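Novice: pasted the sequence and its predicted model underneath.
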Amino acid sequence: MSDLVLTAPVLEEARSQIENALIKAGVHTVLLIDEAGNIVASCGAESERLDTTSLAALAAANFGATSQMAKLIGEDDFSLLFHKGKKDSIHFARVGGNLILITIFGDDVSLGLVRLRVAQLAETIRGVFGFES
C-alpha cells in the first residue's frame with residue numbers, strides 16, 4: 001500500500017462530497033477510514049454520539065477478515081459488506097484499494113439508494129485522493 005498524503009483541501013473536498021451524496025440523502029453517519037482503521041473523514045450528526053474510533057478499528061478488522069475468507073473461496077477480495085439490524089444498517093465499501101467507506105443508515109433510506117450513491121461517491125473520492133480507477 002502506498003502512503004496516503006492528506007491535505008486540508010483534499011479532506012474538505014472529501015467531506016463535502018460525502019455530505020452531498022449521502023448525508024443529504026438521509027444517511028445518519030459516514031466514516032471514511034484507511035485499512036488500518038484510522039479515521040480520514042467523519043460526517044453526520046450521529047457520528048458525535050458513536051465511538052467512531054472503535055467502529056473504525058472493528059470495520060478495518062472486519063474487512064481484513066472477509067478479505068481472507070474471499071481468498072479461501074477463490075475470490076481476490078470482497079469490495080463491499082452489508083449488515084442489517086432491526087432499525088439501522090451498515091454498509092462498507094472499499095474505495096481506491098486504500099480506503100473503506102462506512103455508511104450507517106435507518107430503515108427510511110433504501111439499500112438500493114445507498115449502494116447507488118456509494119458507487120458514485122467512490123469514483124468521486126478516488127479522483128479527490130488521486131487514486132487510479
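Specialist: Thanks, I have it.

Novice: only C-alpha atoms from now on, for both contacts and neighbour counts.
Specialist: OK.

Novice: ok now do Thr29, which residues does it touch?
Specialist: The neighbours of Thr29, taking C-alpha atoms under 8 Å, 6 or more residues apart in numbering as the test, are Ile23, Ser42, Cys43, Gly44, Ala45, Glu46, Ser47, Thr103, Ile104, Phe105.

Novice: does Gly74 lie in a helix or a strand, and which?
Specialist: For Gly74, there is no enclosing helix or strand under DSSP states H and E.

Novice: give me the neighbour count for it.
Specialist: 9 (other C-alpha atoms under 10 Å).

Novice: returning to what we had before: which of the contacts of Thr29 lies closest to Ala61?
Specialist: Thr103 (16.2 Å; C-alpha to C-alpha).

Novice: hmm, which two among the contacts of Thr29 are most spread apart?
Specialist: Across the contacts of Thr29, no pair lies farther apart than Ser42 and Phe105, at 14.3 Å, counting by C-alpha to C-alpha.

Novice: next structured bit after the lengthiest helix in the chain?
Specialist: Across the chain, the helix with the greatest residue count (assigned by DSSP state H) is helix 52-72. Counting by DSSP H and E, the next helix or strand C-terminal to helix 52-72 is strand 80-84.

Novice: show me what that following strand is in contact with.
Specialist: Strand 80-84 is contacted by residues Ser89, Ile90, His91, Phe92, Ala93, Arg94 when judged by C-alpha under 8 Å, 6+ apart.

Novice: also stretch 116-133?
Specialist: Val10, Glu13, Ala14, Gln17, Ile18, Ala21, Leu22, Ala93, Val95, Gly96.
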